[in-house]
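> Make a model of this:
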Amino acid sequence: MARIFSYRCIKLAAVGAVMALSSFPVQAQVICGGHDYLVSRLAAAFEEKRLGYGVAGEVAIFEVFVSAKGTWTILMTDVKGQSCILAAGDGWEDTLATAVRQPGG
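Predicted coordinates for the structure are as follows:
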């Protein structure tokens with residue numbers, strides 16, 4: 001619950017205006033802003049650091065941020081430089097990569 005409240009604060013700061021609650025749950029709202037700003041807020045609020053990233057064609061870059069406490073965030077940056085938090089949660093667990101056709105792969 002504290003994480004949901006914190007994301008609402010990040011959204012307010014990124015947008016720069018107070019927004020009324022919509023009929024959608026807070027978890028369904030996408031939070032967008034400048035890449036450097038969002039990354040610094042993830043570091044300050046949740047102590048999250050980038051674990052890795054991947055490129056989606058010529059459309060976007062997806063980054064995964066995690067903390068030692070198990071919080072995680074997926075950040076997408078499009079070709080125009082706009083970054084958005086697409087998903088976030090708790091309970092991140094690092095796993096070893098397994099080859100395809102192996103148990104767990």
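
> quick one, strands of this structure?
31-34, 49-56, 60-66, 72-78, 82-89 (DSSP state E).

> Kindly reformat those strands as a markdown table containing mean pLDDT, distance to residue 41 and mean neighbour count.
Just so you know, the C-beta spots here come from the backbone N, C-alpha and C atoms, and that holds for glycine as well. Below are the strands of the chain laid out as a markdown table (pLDDT from 0 to 100; distance: least, CB to CB, whole Å; neighbours: other CB atoms under 10 Å):
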| stretch | mean pLDDT | distance to residue 41 | mean neighbour count |
| --- | --- | --- | --- |
| strand 31-34 | 94 | 8 | 18 |
| strand 49-56 | 95 | 13 | 11 |
| strand 60-66 | 97 | 11 | 18 |
| strand 72-78 | 96 | 10 | 19 |
| strand 82-89 | 95 | 9 | 17 |
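
> Need those strands in JSON lines (columns: distance to residue 40).
Putting the strands of the chain into JSON lines (distance: least, CB to CB, whole Å) gives the following:
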{"stretch": "strand 31-34", "distance to residue 40": "9"}
{"stretch": "strand 49-56", "distance to residue 40": "12"}
{"stretch": "strand 60-66", "distance to residue 40": "11"}
{"stretch": "strand 72-78", "distance to residue 40": "12"}
{"stretch": "strand 82-89", "distance to residue 40": "12"}
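
> just so I know, which of those lies nearest residue 97?
Judged by CB to CB, the one of the strands of the chain that comes nearest to residue 97 is strand 49-56, at 11.2 Å.

> Cool, thanks, signing off.
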